[in-house]
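In: Sequence and predicted structure below; questions after.
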Amino acid sequence: MRKFSLFLLLVFVYSISFGQISYPLDYLKPGFHVSYVAKYPVIPKIDGCDDVIAGLDLNKNGKLEILAINDPTISSPSSGDSTKWIFWFENDGNDSYKLLWSVGLPLTANTNGYSFPGVNITDVDGDGNYEICVVNPSNADPTAGVLNPDKIFFYEYDPVTKSFPNEPTFSWNLDYPADGDAGFRLTYLLADDFDKDGKQEIALIDRTSRIHMWIISLDSPELDPFSTFKVEFQDSSLTATWAFDIAVTDFDKDGKKEIWFGTWTNFTWVIVEAEGPDNYVIKKVVTNSHIGSGTTVGTLRSLKFMDINGDGYPEGFAMATNGKLVFIENRRPTDVSEIDSTYFYKVGGWDYTRGADYGDLDGDGNLDIIVTGNYNMVYHIEYNGSGDYRDSLSYTWDVFLVDTTIKQPRYYYVSIPPRDMDGDYKREVIIGSLQRPDSSRAFFLVIESDVPVKVNTGEEIWVGYELYQNYPNPFNPTTWIEFSLPREENVTLKIYTLDGREVKTLIDGVRYSSGRYKVQWDGTDNLGNRVASGVYIYKLKAGNFEVSKKMLLLK
């Protein structure tokens, strides 16, 4: 894999300018521009962006959102205030976002003084109102009189006020013993119905010398300050350094989900399978010293499973913190316990990376990967559309962004929203800077494609007809398909396999008036059977207008 020299990219600093946006960068990949910069005074607490999630719709009003959390313990604020803050942004027109809500986590003594909080979305009581859930790496501090501080915080959306509360709806210390491991620090969470009992569980992981893995669920009818949770699984038998990643899949296709917990020691993964309601078993611990050996080789929120070759079995992609793209081959094991290090391939990459996310930025059906390099570099990897996924020659590797200006950033987390955020048909990438910015530097950047993905139908120009990219995409198990009509038409909307076999008819010759519509596909065929993971085609026919797009179902 070629190494990239900064001097071959550019030897001077210039300003990226498009419309009203001007932001100092050394280099940005041609075909993209800076469309929005989140900074002071919009961000009242100018500290580093620890995590960012884009493409949400928490208030269900159709305007997509960005959720971010800061980490002053890393960015060293001049105020010395170690409070961690959550920020909720909503799209407010083309290339525009507004801050809807922000809140600081409760601070007790110096319990906010540890780094790398985690944030994600849950609905643990199943009432349809999302919670913003934060795990704060607070631990016991006997010198300050804090023996057992709360570690997980829920802020539930209120449909009446159309916002989130300023105090946690519920917080909990996991009943962790006050005299337990003083280094116990939760760093990440992932919500899913892992054991298929109809209730959402939360998987948790921490970063200490002995890794703690938890699966918890609400044990009350609804979430409120008096709720109780139960621990469905807990294990702390693995000795490792840090841990920042959790993923879920059914790798062996036995109908039972596995939760993959990642550690930063020799790229080691703990695979826990749900055997039934509230019943979990560690099926395998896979150490991958051939990916990279040492106590800082792991992943940062980057393991994703997808059926990339369309064979019905999920494959995995991850970026190791030593800069290597890792492909996890699926050899169709009869049981996940058969997985060993030979399933993991070091494809290629750089010397040092942090966060990564995946999508299809240019609408060509090929996987794009955006990778942060921790400090001033951000990279781009794209599958070429053919070739062995284990072979670095099957990908194009290049630099996405270089930033060595004054007060250089620390680009750490990245999020590719599942669809266009602001309605201009241009795909975005959101990148957070962990280094403490000032009034001129970004908390996070929104990078947007220059060219919209347009509908082409031969030589004809169809004004007002649109078939939008499905969302979410990739998806599991349901997705929404939207289309627009300029006048009344007979509409047909169908799902096909890549080889043209019909899978599902969603609309069959129904008369629609002008307007914008959306239809949900639940991942089943015309007989009601669940379809396999893979790439599917959805095709819209409205009068003489006909167009199709690709979408990716992941399991």
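Out: Yep, that arrived. Since this is a predicted model, take the numbers as computed values, not measurements. Numbers count the residues shown, from 1 in each chain.
In: Residue 373: what's it in contact with?
Out: 323, 350, 352, 353, 354, 379, 411 (CB atoms under 8 Å, 6 or more residues apart in numbering). (C-beta placed from N, C-alpha, C; glycine too.)
In: ditto for residue 160
Out: Contacts of residue 160 by CB under 8 Å, 6+ apart: none found.
In: What separation is there between it and residue 351?
Out: To residue 351, residue 160 is 52 Å away according to CB to CB, to the nearest Å.
In: where does the stretch 151-300 of the chain have low pLDDT?
Out: Low-confidence segments of the stretch 151-300 of the chain (pLDDT under 70): 177-183.
In: secondary structure element for residue 93?
Out: Per DSSP states H and E, residue 93 falls between elements, in no helix or strand.
In: now the strands: where do they sit in the stretch 251-400 of the chain?
Out: 258-262, 269-276, 279-286, 304-306, 315-319, 324-328, 344-349, 356-359, 368-372, 377-383, 395-402 (DSSP state E, counting those that start in this stretch).
In: Can you tell me which of these is nearest to residue 481?
Out: Closest of the strands of the stretch 251-400 of the chain to residue 481 is strand 356-359, at 17.4 Å (criterion: CB to CB).
In: strands paired with the closest one, and their directions?
Out: strand 368-372 (antiparallel) (DSSP bridges).
In: The strand it pairs with to strand 315-319, inter-axis angle?
Out: Angular relation of strand 368-372 and strand 315-319 on a 0 to 180 degree scale: 30 degrees, by axes from the mean of the first three to the mean of the last three CA atoms, to 10 degrees.
In: mind exporting strand 368-372 as CSV, just the C-alpha atoms?
Out: Output of strand 368-372 as CSV, limited to C-alpha atoms (Å, rounded to 0.1, in the frame of the first residue of the first chain):
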residue,chain,number,x,y,z
ASP,A,368,-16.9,4.1,0.5
ILE,A,369,-15.0,4.2,3.8
ILE,A,370,-14.0,7.4,5.5
VAL,A,371,-11.2,7.0,8.1
THR,A,372,-9.8,9.5,10.5
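In: Can you tell me what sits against it?
Out: Outside strand 368-372, the residues within contact range by CB under 8 Å, 6+ apart are 317, 319, 325, 349-350, 353-362, 378-382, 400, 411-414, 416, 429, 431.
In: Ends of stretch 248-264, what's the gap?
Out: 18 Å (CA to CA, to the nearest Å).
In: going forward can the numbers begin at 617, since that is how I track them
Out: New numbering, starting at 617: the last item is stretch 864-880.
In: can you give me phi and psi for the closest residue to residue 1043 other than its chain neighbours?
Out: In this structure, residue 1043 finds its nearest non-sequential neighbour in residue 977, 4.7 Å apart by CB to CB, 6 or more residues apart in numbering. Main-chain dihedrals, residue 977, degrees, to the nearest 10: phi -70, psi -30.
In: How many residues are close by residue 977?
Out: Using other CB atoms under 10 Å, residue 977 is surrounded by 24 other residues.
In: Check residue 745 too.
Out: The burial count for residue 745: 18, using other CB under 10 Å.
In: picking that back up, between the contacts of residue 989, which has the most around it?
Out: residue 1027 (29 neighbours).
In: doesn't residue 1049 make contact with that residue?
Out: Yes: using CB atoms under 8 Å, residue 1027 makes contact with residue 1049 at a distance of 5.8 Å.
In: Just list what the helix or strand containing residue 1151 packs against, helices and strands only.
Out: With secondary structure defined by DSSP H and E, residue 1151 is part of strand 1150-1158. Secondary structure elements in contact with strand 1150-1158, counted by 3 or more CB pairs under 8 Å, 6 or more residues apart in numbering; DSSP states H and E, are strand 1095-1101, strand 1105-1113, strand 1161-1169.
In: Can you give me the buried ones in the last one?
Out: Put plainly, it is strand 1161-1169. By 16 or more other CB atoms under 10 Å, the buried positions in strand 1161-1169 come out as 1161, 1162, 1163, 1165, 1166, 1167, 1168, 1169.
In: what's the closest of those residues to residue 825?
Out: Using CB to CB, the buried residues of strand 1161-1169 come closest to residue 825 at residue 1168, 38.5 Å.
In: beta partners of that closest one?
Out: As assigned using DSSP bridges, the partners bridged with residue 1168 are residue 1151.
In: Now do the contacts for it.
Out: Counting by CB under 8 Å, 6+ apart, residue 1168 has contacts 922, 976, 1089, 1090, 1091, 1150, 1151, 1152.
In: What score does the first one have for pLDDT?
Out: Residue-level confidence at residue 922 comes out at 88, pLDDT.
In: My read is that it contacts residue 934, right?
Out: No: Residue 922 lies out of contact with residue 934 (CB under 8 Å); the separation is 11.7 Å.
In: Who has more neighbours out of those two?
Out: It is residue 934, of residue 922 and residue 934, that has more neighbours when counted by other CB under 10 Å, with 27 against 21.
In: Relative to residue 904, how far out is that one?
Out: 10 Å.
In: Mutual contacts of those two, please.
Out: Common neighbours of residue 934 and residue 904 (CB under 8 Å, 6+ apart) are residue 942.
In: Show me the shaky parts of this protein.
Out: For the chain (pLDDT under 70), the answer is 617-637, 691-696, 723-729, 755-763, 793-799, 1022-1023, 1053, 1069-1080.
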